[in-house]
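Enquirer: This is a predicted model, with the sequence first.
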Amino acid sequence: MTNLQKLSDLLAELSVELGDHILPFWMNRTIDDRNGGFVGALDNEIELRDAEKSGILNTRILWTFSAAARTLGDKSYLDVADRAMDYISSYFIDAQHHGVYWSLNSDGSVLDDRKHVYTQAFGIYALSEYYLASSDNNALELAKDLFQHVDAHAHQNNGTGYHEAFSRDWKPLADSRLGDNDIEADRTFNTHLHLLEAYTNLFRAWPDDTLRQRLSELVTIHLNRMYDPGKKHIMAYFDEHLNPVSPIYSYGHDIEAAWLLYDAAVELEDDTLTGTCHTLVLDLADQTISEGCDFVNGGIFNLGQNGKPVDTDKQWWAQAEALSGFLYAYLLSGNEEYIDTSWQIWDFTKKHVIDRKFGEWYFMVDAAGNPDKSEFKVGPWKCPYHTSRTGLLFAALASGKNGNTPFSIFRMLDKIVAPLPDITSD
(Lines give C-alpha, C1' and ligand atoms only; values in the text may rest on other atoms or scores of the structure.)
Protein backbone atom coordinates (compact mmCIF):
# COMPACT_ATOMS: atom_id res chain seq x y z
CA MET A 1 0.00 0.00 0.00
CA THR A 2 1.36 3.42 -0.91
CA ASN A 3 1.59 6.14 1.72
CA LEU A 4 -0.96 8.22 -0.18
CA GLN A 5 -3.39 5.28 0.02
CA LYS A 6 -2.63 5.02 3.74
CA LEU A 7 -3.52 8.69 4.11
CA SER A 8 -6.74 8.16 2.17
CA ASP A 9 -7.66 5.30 4.50
CA LEU A 10 -6.74 7.33 7.58
CA LEU A 11 -9.00 10.17 6.48
CA ALA A 12 -11.88 7.82 5.82
CA GLU A 13 -11.46 5.60 8.90
CA LEU A 14 -11.03 8.43 11.38
CA SER A 15 -14.11 10.14 9.95
CA VAL A 16 -16.08 6.94 10.56
CA GLU A 17 -14.60 6.49 14.05
CA LEU A 18 -15.74 10.00 14.96
CA GLY A 19 -19.22 9.89 13.48
CA ASP A 20 -20.16 6.28 14.17
CA HIS A 21 -18.43 5.58 17.47
CA ILE A 22 -16.91 8.45 19.49
CA LEU A 23 -19.65 11.06 19.31
CA PRO A 24 -22.55 8.56 19.62
CA PHE A 25 -20.94 7.04 22.73
CA TRP A 26 -20.93 10.38 24.52
CA MET A 27 -24.40 11.27 23.26
CA ASN A 28 -25.99 7.95 24.23
CA ARG A 29 -24.03 6.84 27.30
CA THR A 30 -23.18 9.94 29.33
CA ILE A 31 -26.37 11.98 29.65
CA ASP A 32 -27.30 12.30 33.34
CA ASP A 33 -31.09 12.11 33.32
CA ARG A 34 -31.31 12.15 37.12
CA ASN A 35 -29.10 15.10 38.07
CA GLY A 36 -28.78 17.01 34.83
CA GLY A 37 -25.80 17.53 32.59
CA PHE A 38 -23.53 14.53 32.17
CA VAL A 39 -22.43 11.68 34.41
CA GLY A 40 -19.19 12.08 36.28
CA ALA A 41 -17.80 8.59 35.67
CA LEU A 42 -18.37 5.28 33.87
CA ASP A 43 -16.21 2.22 34.35
CA ASN A 44 -14.95 -0.01 31.55
CA GLU A 45 -18.17 -1.98 31.41
CA ILE A 46 -20.18 1.26 31.31
CA GLU A 47 -21.50 0.89 34.83
CA LEU A 48 -22.61 4.18 36.34
CA ARG A 49 -20.61 5.62 39.21
CA ASP A 50 -22.11 8.29 41.46
CA ALA A 51 -19.02 10.41 41.04
CA GLU A 52 -18.00 14.03 41.17
CA LYS A 53 -18.47 16.13 38.04
CA SER A 54 -15.26 17.83 37.02
CA GLY A 55 -15.00 21.20 35.37
CA ILE A 56 -12.42 19.78 33.00
CA LEU A 57 -14.67 16.97 31.75
CA ASN A 58 -17.73 19.19 31.34
CA THR A 59 -15.97 21.99 29.50
CA ARG A 60 -14.32 19.44 27.23
CA ILE A 61 -17.74 17.96 26.42
CA LEU A 62 -18.98 21.46 25.57
CA TRP A 63 -15.99 22.07 23.31
CA THR A 64 -16.37 18.69 21.59
CA PHE A 65 -20.01 19.02 20.60
CA SER A 66 -19.72 22.70 19.74
CA ALA A 67 -16.78 21.93 17.43
CA ALA A 68 -18.61 18.96 15.92
CA ALA A 69 -21.66 21.11 15.23
CA ARG A 70 -19.56 23.86 13.68
CA THR A 71 -17.42 21.54 11.56
CA LEU A 72 -20.00 18.94 10.50
CA GLY A 73 -23.18 21.05 10.53
CA ASP A 74 -25.27 18.47 12.40
CA LYS A 75 -27.90 20.00 14.71
CA SER A 76 -27.96 16.95 16.96
CA TYR A 77 -24.44 17.84 18.06
CA LEU A 78 -25.49 21.40 18.84
CA ASP A 79 -28.32 20.00 20.99
CA VAL A 80 -25.75 18.21 23.15
CA ALA A 81 -23.64 21.37 23.27
CA ASP A 82 -26.73 23.30 24.40
CA ARG A 83 -27.17 20.86 27.27
CA ALA A 84 -23.52 21.25 28.28
CA MET A 85 -23.75 25.02 28.06
CA ASP A 86 -26.88 25.12 30.22
CA TYR A 87 -25.29 22.95 32.91
CA ILE A 88 -21.96 24.79 32.97
CA SER A 89 -23.53 28.24 33.11
CA SER A 90 -25.97 27.13 35.85
CA TYR A 91 -23.61 25.16 38.09
CA PHE A 92 -19.92 25.52 37.22
CA ILE A 93 -19.69 29.30 36.82
CA ASP A 94 -19.17 31.11 40.12
CA ALA A 95 -21.68 33.96 40.00
CA GLN A 96 -20.11 35.70 42.99
CA HIS A 97 -16.37 35.50 42.38
CA HIS A 98 -16.36 34.51 38.70
CA GLY A 99 -14.42 31.64 37.21
CA VAL A 100 -15.08 27.90 36.80
CA TYR A 101 -15.13 25.60 39.82
CA TRP A 102 -12.79 22.62 39.87
CA SER A 103 -15.55 20.10 40.63
CA LEU A 104 -19.13 19.53 41.77
CA ASN A 105 -20.88 16.74 43.62
CA SER A 106 -23.13 14.57 41.48
CA ASP A 107 -26.15 16.67 42.51
CA GLY A 108 -24.55 19.89 41.27
CA SER A 109 -23.47 21.31 44.64
CA VAL A 110 -19.92 22.64 44.83
CA LEU A 111 -17.33 20.07 45.90
CA ASP A 112 -14.01 21.84 45.19
CA ASP A 113 -14.17 25.59 44.64
CA ARG A 114 -10.57 26.13 43.53
CA LYS A 115 -9.95 28.30 40.48
CA HIS A 116 -7.14 26.52 38.67
CA VAL A 117 -5.99 28.27 35.51
CA TYR A 118 -6.10 24.90 33.73
CA THR A 119 -9.86 24.70 34.31
CA GLN A 120 -10.36 28.35 33.36
CA ALA A 121 -8.50 27.67 30.12
CA PHE A 122 -10.91 24.91 29.17
CA GLY A 123 -13.80 27.16 30.11
CA ILE A 124 -12.51 29.80 27.68
CA TYR A 125 -11.81 27.18 25.03
CA ALA A 126 -15.29 25.65 25.28
CA LEU A 127 -17.33 28.83 25.65
CA SER A 128 -15.62 30.50 22.69
CA GLU A 129 -16.20 27.40 20.57
CA TYR A 130 -19.85 27.30 21.59
CA TYR A 131 -20.17 30.94 20.56
CA LEU A 132 -18.60 30.18 17.18
CA ALA A 133 -21.05 27.31 16.69
CA SER A 134 -24.20 28.98 18.02
CA SER A 135 -23.65 32.78 17.94
CA ASP A 136 -24.75 32.84 21.59
CA ASN A 137 -23.41 36.17 22.87
CA ASN A 138 -23.77 35.07 26.49
CA ALA A 139 -21.17 32.38 25.88
CA LEU A 140 -18.75 34.90 24.41
CA GLU A 141 -19.28 37.28 27.34
CA LEU A 142 -18.59 34.45 29.80
CA ALA A 143 -15.41 33.53 27.89
CA LYS A 144 -14.25 37.14 27.93
CA ASP A 145 -14.98 37.37 31.64
CA LEU A 146 -12.85 34.29 32.32
CA PHE A 147 -10.03 35.74 30.25
CA GLN A 148 -10.19 39.04 32.13
CA HIS A 149 -10.09 37.35 35.54
CA VAL A 150 -7.19 35.09 34.57
CA ASP A 151 -5.39 38.11 33.18
CA ALA A 152 -6.03 40.20 36.30
CA HIS A 153 -5.07 37.54 38.85
CA ALA A 154 -2.71 35.05 37.20
CA HIS A 155 -0.74 36.86 34.49
CA GLN A 156 2.80 37.83 35.49
CA ASN A 157 4.01 41.08 33.97
CA ASN A 158 7.66 40.00 34.01
CA GLY A 159 7.26 37.56 31.13
CA THR A 160 7.21 34.41 33.27
CA GLY A 161 3.75 33.23 32.34
CA TYR A 162 0.94 32.57 34.79
CA HIS A 163 0.53 31.60 38.40
CA GLU A 164 -1.66 28.52 38.18
CA ALA A 165 -3.81 27.89 41.26
CA PHE A 166 -6.17 30.09 43.28
CA SER A 167 -8.81 29.88 45.96
CA ARG A 168 -12.43 30.57 45.14
CA ASP A 169 -11.89 34.32 45.66
CA TRP A 170 -8.68 34.36 43.60
CA LYS A 171 -6.09 34.21 46.37
CA PRO A 172 -2.92 32.44 45.13
CA LEU A 173 -2.43 28.87 46.36
CA ALA A 174 0.97 27.29 46.89
CA ASP A 175 -0.04 23.85 45.60
CA SER A 176 -0.75 24.11 41.87
CA ARG A 177 -0.64 20.40 41.06
CA LEU A 178 -3.38 19.03 38.83
CA GLY A 179 -3.16 15.60 40.42
CA ASP A 180 -1.20 13.45 42.84
CA ASN A 181 1.17 12.26 40.12
CA ASP A 182 2.28 15.79 39.25
CA ILE A 183 5.58 17.26 40.41
CA GLU A 184 5.29 20.34 42.61
CA ALA A 185 6.24 23.29 40.41
CA ASP A 186 5.37 26.97 40.10
CA ARG A 187 4.77 26.77 36.34
CA THR A 188 3.80 23.83 34.14
CA PHE A 189 3.91 23.40 30.41
CA ASN A 190 0.60 21.55 30.58
CA THR A 191 -1.38 24.50 31.96
CA HIS A 192 0.35 27.03 29.70
CA LEU A 193 -0.24 24.93 26.58
CA HIS A 194 -3.97 24.69 27.23
CA LEU A 195 -4.17 28.38 28.04
CA LEU A 196 -2.53 29.00 24.66
CA GLU A 197 -5.11 26.86 22.83
CA ALA A 198 -7.90 28.63 24.72
CA TYR A 199 -6.59 32.09 23.84
CA THR A 200 -6.17 31.03 20.21
CA ASN A 201 -9.81 30.02 20.05
CA LEU A 202 -11.05 33.10 21.88
CA PHE A 203 -9.03 35.26 19.50
CA ARG A 204 -10.92 33.68 16.59
CA ALA A 205 -14.13 34.95 18.16
CA TRP A 206 -12.88 38.18 19.73
CA PRO A 207 -9.71 39.75 18.20
CA ASP A 208 -8.99 41.97 21.19
CA ASP A 209 -5.65 43.82 21.39
CA THR A 210 -4.82 42.71 24.93
CA LEU A 211 -5.72 39.13 24.05
CA ARG A 212 -3.44 39.36 21.01
CA GLN A 213 -0.56 40.48 23.23
CA ARG A 214 -1.15 37.68 25.71
CA LEU A 215 -1.39 35.04 22.98
CA SER A 216 1.79 36.28 21.31
CA GLU A 217 3.54 36.23 24.69
CA LEU A 218 2.42 32.64 25.31
CA VAL A 219 3.75 31.50 21.92
CA THR A 220 7.07 33.20 22.68
CA ILE A 221 7.28 31.64 26.16
CA HIS A 222 6.77 28.19 24.69
CA LEU A 223 9.36 28.76 21.97
CA ASN A 224 12.03 30.53 24.00
CA ARG A 225 11.62 29.34 27.57
CA MET A 226 9.85 25.98 27.64
CA TYR A 227 11.28 24.39 24.49
CA ASP A 228 14.80 22.99 24.84
CA PRO A 229 16.34 23.18 21.33
CA GLY A 230 19.24 20.94 22.33
CA LYS A 231 17.00 18.13 23.53
CA LYS A 232 14.24 18.99 21.03
CA HIS A 233 11.60 18.55 23.71
CA ILE A 234 9.33 20.90 25.59
CA MET A 235 10.09 20.48 29.25
CA ALA A 236 7.21 19.90 31.67
CA TYR A 237 7.90 21.62 35.02
CA PHE A 238 9.41 25.01 35.88
CA ASP A 239 10.08 27.36 38.77
CA GLU A 240 8.58 30.84 38.95
CA HIS A 241 11.34 32.15 36.66
CA LEU A 242 10.65 29.46 34.04
CA ASN A 243 13.79 27.49 34.82
CA PRO A 244 13.19 23.73 34.35
CA VAL A 245 12.96 21.81 37.63
CA SER A 246 12.59 18.31 36.16
CA PRO A 247 14.11 16.40 33.23
CA ILE A 248 10.74 14.81 32.39
CA TYR A 249 8.90 15.48 29.13
CA SER A 250 5.82 14.03 27.48
CA TYR A 251 5.83 12.70 23.92
CA GLY A 252 2.11 13.29 23.55
CA HIS A 253 2.39 16.88 24.75
CA ASP A 254 5.34 17.54 22.44
CA ILE A 255 3.44 16.53 19.31
CA GLU A 256 0.24 18.22 20.52
CA ALA A 257 2.07 21.46 21.24
CA ALA A 258 3.62 21.43 17.78
CA TRP A 259 0.36 21.90 15.93
CA LEU A 260 -1.30 24.10 18.57
CA LEU A 261 1.62 26.55 18.43
CA TYR A 262 1.44 26.62 14.66
CA ASP A 263 -2.27 27.40 14.73
CA ALA A 264 -1.71 30.20 17.28
CA ALA A 265 0.93 31.81 15.07
CA VAL A 266 -1.36 31.61 12.03
CA GLU A 267 -4.20 33.28 13.96
CA LEU A 268 -1.84 36.07 15.02
CA GLU A 269 -0.93 36.58 11.33
CA ASP A 270 2.70 36.84 12.38
CA ASP A 271 4.84 35.53 9.53
CA THR A 272 7.98 35.29 11.66
CA LEU A 273 6.27 33.28 14.40
CA THR A 274 4.51 31.14 11.81
CA GLY A 275 7.82 30.31 10.14
CA THR A 276 9.40 29.44 13.49
CA CYS A 277 6.45 27.27 14.45
CA HIS A 278 6.52 25.59 11.02
CA THR A 279 10.08 24.47 11.79
CA LEU A 280 9.09 23.46 15.32
CA VAL A 281 6.30 21.19 14.03
CA LEU A 282 8.84 19.24 11.97
CA ASP A 283 11.51 19.17 14.69
CA LEU A 284 9.12 17.86 17.32
CA ALA A 285 7.58 15.37 14.90
CA ASP A 286 11.04 14.05 14.00
CA GLN A 287 12.08 13.81 17.64
CA THR A 288 8.87 11.98 18.53
CA ILE A 289 9.53 9.49 15.74
CA SER A 290 13.15 8.93 16.75
CA GLU A 291 12.51 8.57 20.47
CA GLY A 292 8.84 8.33 21.39
CA CYS A 293 7.37 5.97 18.80
CA ASP A 294 7.25 2.22 19.40
CA PHE A 295 8.04 0.66 16.03
CA VAL A 296 7.94 -2.85 17.49
CA ASN A 297 4.40 -2.87 18.89
CA GLY A 298 3.04 0.45 17.63
CA GLY A 299 1.82 3.65 19.25
CA ILE A 300 3.71 6.32 21.14
CA PHE A 301 5.04 6.10 24.68
CA ASN A 302 4.01 8.30 27.57
CA LEU A 303 7.04 9.97 29.17
CA GLY A 304 10.71 10.44 28.37
CA GLN A 305 13.81 11.61 30.16
CA ASN A 306 17.38 12.23 28.99
CA GLY A 307 16.80 10.92 25.48
CA LYS A 308 14.83 7.74 26.16
CA PRO A 309 11.37 6.58 27.24
CA VAL A 310 10.93 6.13 30.99
CA ASP A 311 7.20 5.36 30.92
CA THR A 312 6.27 3.00 28.09
CA ASP A 313 2.53 2.97 28.76
CA LYS A 314 0.41 4.41 25.96
CA GLN A 315 -2.42 6.75 26.93
CA TRP A 316 -5.43 7.24 24.71
CA TRP A 317 -5.05 10.98 24.25
CA ALA A 318 -1.41 10.80 23.15
CA GLN A 319 -2.24 8.44 20.28
CA ALA A 320 -4.94 10.87 19.08
CA GLU A 321 -2.71 13.94 19.34
CA ALA A 322 0.10 12.15 17.53
CA LEU A 323 -2.22 11.55 14.58
CA SER A 324 -3.04 15.28 14.45
CA GLY A 325 0.55 16.39 14.89
CA PHE A 326 1.93 14.07 12.22
CA LEU A 327 -0.82 15.15 9.80
CA TYR A 328 0.28 18.76 10.29
CA ALA A 329 3.90 17.73 9.77
CA TYR A 330 2.97 16.01 6.50
CA LEU A 331 0.89 18.94 5.26
CA LEU A 332 3.74 21.36 6.02
CA SER A 333 6.50 19.24 4.50
CA GLY A 334 5.16 16.63 2.10
CA ASN A 335 7.38 14.07 3.87
CA GLU A 336 5.55 10.75 3.62
CA GLU A 337 7.37 9.32 6.65
CA TYR A 338 4.80 11.15 8.76
CA ILE A 339 1.98 9.30 7.01
CA ASP A 340 3.69 5.96 7.56
CA THR A 341 4.19 6.76 11.26
CA SER A 342 0.55 7.80 11.60
CA TRP A 343 -0.52 4.55 9.99
CA GLN A 344 1.31 2.41 12.55
CA ILE A 345 -0.10 4.50 15.43
CA TRP A 346 -3.64 4.16 14.07
CA ASP A 347 -3.19 0.43 13.44
CA PHE A 348 -2.06 -0.04 17.06
CA THR A 349 -4.94 2.12 18.29
CA LYS A 350 -7.54 0.12 16.34
CA LYS A 351 -6.21 -3.18 17.63
CA HIS A 352 -5.52 -2.33 21.26
CA VAL A 353 -6.81 1.07 22.43
CA ILE A 354 -10.36 1.12 21.06
CA ASP A 355 -12.80 -1.08 22.99
CA ARG A 356 -15.22 -2.41 20.38
CA LYS A 357 -17.25 -4.38 22.95
CA PHE A 358 -18.28 -1.62 25.36
CA GLY A 359 -17.30 1.41 23.31
CA GLU A 360 -14.87 4.34 23.59
CA TRP A 361 -11.08 4.10 23.97
CA TYR A 362 -9.29 2.63 26.96
CA PHE A 363 -7.60 5.25 29.11
CA MET A 364 -4.26 3.46 28.84
CA VAL A 365 -2.61 0.30 27.57
CA ASP A 366 0.86 -1.05 28.29
CA ALA A 367 3.64 -1.24 25.73
CA ALA A 368 2.27 -4.48 24.27
CA GLY A 369 -1.30 -3.17 24.11
CA ASN A 370 -2.88 -4.74 27.22
CA PRO A 371 -5.50 -2.35 28.64
CA ASP A 372 -5.44 -0.99 32.18
CA LYS A 373 -9.06 -1.58 33.13
CA SER A 374 -8.71 0.13 36.50
CA GLU A 375 -8.95 3.46 34.68
CA PHE A 376 -12.49 4.54 33.77
CA LYS A 377 -13.90 5.18 30.31
CA VAL A 378 -15.45 8.42 31.58
CA GLY A 379 -13.96 10.40 34.43
CA PRO A 380 -12.54 13.74 35.51
CA TRP A 381 -9.74 13.38 32.95
CA LYS A 382 -11.19 10.81 30.54
CA CYS A 383 -13.04 12.88 28.00
CA PRO A 384 -14.02 13.08 24.32
CA TYR A 385 -12.03 16.12 23.28
CA HIS A 386 -8.66 14.69 22.14
CA THR A 387 -10.17 11.90 20.05
CA SER A 388 -12.99 14.04 18.68
CA ARG A 389 -10.59 16.83 17.77
CA THR A 390 -8.44 14.43 15.78
CA GLY A 391 -11.53 12.96 14.14
CA LEU A 392 -12.77 16.44 13.21
CA LEU A 393 -9.40 17.36 11.72
CA PHE A 394 -9.33 14.29 9.50
CA ALA A 395 -13.04 14.53 8.65
CA ALA A 396 -12.72 18.18 7.62
CA LEU A 397 -9.78 17.42 5.35
CA ALA A 398 -11.52 14.36 3.94
CA SER A 399 -14.71 16.22 3.09
CA GLY A 400 -13.10 19.38 1.83
CA LYS A 401 -15.50 21.30 4.09
CA ASN A 402 -12.76 22.92 6.11
CA GLY A 403 -13.75 26.57 6.02
CA ASN A 404 -15.46 26.63 9.41
CA THR A 405 -13.37 24.51 11.74
CA PRO A 406 -11.17 24.88 14.85
CA PHE A 407 -8.01 24.35 12.76
CA SER A 408 -6.08 27.37 11.48
CA ILE A 409 -3.91 25.29 9.16
CA PHE A 410 -6.80 25.19 6.71
CA ARG A 411 -6.20 28.88 6.11
CA MET A 412 -2.80 27.88 4.75
CA LEU A 413 -3.84 25.07 2.39
CA ASP A 414 -3.14 27.19 -0.69
CA LYS A 415 0.52 27.34 0.44
CA ILE A 416 0.80 23.61 1.14
CA VAL A 417 2.42 21.43 -1.50
CA ALA A 418 1.90 18.03 0.13
CA PRO A 419 0.00 15.65 -2.18
CA LEU A 420 -3.52 14.82 -0.96
CA PRO A 421 -5.66 11.87 -2.02
CA ASP A 422 -8.91 12.62 -3.82
CA ILE A 423 -11.55 11.02 -1.62
CA THR A 424 -14.20 13.76 -1.59
CA SER A 425 -15.97 12.20 -4.60
CA ASP A 426 -16.38 8.79 -2.93
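Expert: Thanks, I have the structure now.
Enquirer: Please enumerate the helices of this structure.
Expert: In the chain, the helices defined using DSSP state H lie at 3-16, 23-29, 55-72, 75-87, 117-134, 137-153, 189-205, 209-221, 251-268, 271-287, 316-333, 337-348, 385-399.
Enquirer: JSON lines for those helices, including mean pLDDT, distance to A165 and mean neighbour count?
Expert: Placement of C-beta: from N, CA and C, glycine included. Shown next, in JSON lines, are those (pLDDT from 0 to 100; distance: least, CB to CB, whole Å; neighbours: other CB atoms under 10 Å):
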{"stretch": "helix 3-16", "mean pLDDT": "97", "distance to A165": "36", "mean neighbour count": "19"}
{"stretch": "helix 23-29", "mean pLDDT": "98", "distance to A165": "29", "mean neighbour count": "18"}
{"stretch": "helix 55-72", "mean pLDDT": "98", "distance to A165": "13", "mean neighbour count": "27"}
{"stretch": "helix 75-87", "mean pLDDT": "98", "distance to A165": "24", "mean neighbour count": "19"}
{"stretch": "helix 117-134", "mean pLDDT": "98", "distance to A165": "7", "mean neighbour count": "27"}
{"stretch": "helix 137-153", "mean pLDDT": "98", "distance to A165": "11", "mean neighbour count": "19"}
{"stretch": "helix 189-205", "mean pLDDT": "98", "distance to A165": "9", "mean neighbour count": "23"}
{"stretch": "helix 209-221", "mean pLDDT": "98", "distance to A165": "18", "mean neighbour count": "17"}
{"stretch": "helix 251-268", "mean pLDDT": "98", "distance to A165": "19", "mean neighbour count": "25"}
{"stretch": "helix 271-287", "mean pLDDT": "98", "distance to A165": "28", "mean neighbour count": "18"}
{"stretch": "helix 316-333", "mean pLDDT": "98", "distance to A165": "22", "mean neighbour count": "26"}
{"stretch": "helix 337-348", "mean pLDDT": "98", "distance to A165": "34", "mean neighbour count": "20"}
{"stretch": "helix 385-399", "mean pLDDT": "97", "distance to A165": "22", "mean neighbour count": "24"}
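Enquirer: now for these, which one comes closest to M412?
Expert: Checking those against M412 by CB to CB gives helix 251-268 as the closest, at 6.3 Å.
Enquirer: Off-centre distance for that closest one?
Expert: Between the centre of helix 251-268 and the centre of its chain there are 10 Å (CA atoms, centre = their mean, to the nearest Å).
Enquirer: ditto for stretch 236-256
Expert: On the basis of CA atoms, centre = their mean, stretch 236-256 is displaced by 17 Å from the centre of the chain it belongs to.
Enquirer: Next, find the distance separating T30 from G298.
Expert: Between T30 and G298 the distance, using CB to CB, to the nearest Å, works out to 29 Å.
Enquirer: Nearest residue to H352 in space, ignoring adjacent ones along the chain?
Expert: Once flanking residues are discounted, H352 sits nearest to G369: 3.2 Å by CB to CB, 6 or more residues apart in numbering.
Enquirer: how much space between the one you found and F363?
Expert: Summarising the geometry, the distance separating G369 from F363, computed by CB to CB, is 14 Å.
Enquirer: Between these two, point out the one with more neighbours.
Expert: Applying other CB atoms under 10 Å to G369 and F363 shows that F363 carries more neighbours, namely 22 against 17.
Enquirer: List phi and psi for the residue nearest to the more buried one when sequence neighbours are not counted.
Expert: Sequence neighbours aside, E375 is the residue nearest to F363 in space, at 3.4 Å (criterion: CB to CB, 6+ apart). Torsion angles at E375 (phi, psi; degrees, to the nearest 10) stand at phi -90, psi 140.
Enquirer: mind listing what E375 touches?
Expert: Each residue near E375 by CB atoms under 8 Å, 6 or more residues apart in numbering is listed here: 44, 362-364, 382.
Enquirer: Out of those, which comes closest to S135?
Expert: Within the contacts of E375, the smallest distance to S135 is 30.7 Å, found for K382 (CB to CB).
Enquirer: doesn't F376 make contact with the closest one?
Expert: Yes. With contacts counted by CB atoms under 8 Å, K382 reaches F376, the gap being 5.7 Å.
Enquirer: so what sits against both of the two?
Expert: Where contact means CB under 8 Å, 6+ apart, the residues bridging K382 and F376 through contact with each are F363.
Enquirer: got the contacts of E375 as a markdown table, with distance to A258 and pLDDT columns?
Expert: Converted to a markdown table, these look like this (distance: CB to CB, whole Å; pLDDT from 0 to 100):
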| residue | distance to A258 | pLDDT |
| --- | --- | --- |
| N44 | 31 | 94 |
| Y362 | 25 | 98 |
| F363 | 23 | 98 |
| M364 | 22 | 98 |
| K382 | 24 | 97 |
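Enquirer: Filter those down to the ones in strands?
Expert: M364 (DSSP state E).
Enquirer: gap between Y131 and E184?
Expert: Look at Y131 and E184: by CB to CB, they are 36 Å apart.
Enquirer: For stretch 153-165, give me every contacting residue.
Expert: Outside stretch 153-165, the residues that touch it by CB under 8 Å, 6+ apart are 114-118, 150, 166, 170, 172-176, 186-188, 191-192, 195, 214, 217-218, 221, 225, 240-242.
Enquirer: neighbouring contacts of stretch 338-354?
Expert: The set of residues that contact stretch 338-354 without belonging to it, under CB under 8 Å, 6+ apart, is 3-4, 6-7, 9-10, 13-14, 17, 21, 285, 289, 293-295, 297-300, 314, 316, 319-320, 322-323, 326-327, 329-330, 360-362, 365, 369-371.
Enquirer: ok, 6 Å please
Expert: Contacts made with stretch 338-354 from outside it, assessed by CB atoms under 6 Å, 6 or more residues apart in numbering, are listed as 3, 6-7, 289, 298-299, 316, 319, 322-323, 326, 329-330, 361-362, 365, 369.
Enquirer: can you check stretch 27-39 too?
Expert: Contact with stretch 27-39 is made by 61, 80, 87, 106-107, 378, as judged by CB under 6 Å, 6+ apart.
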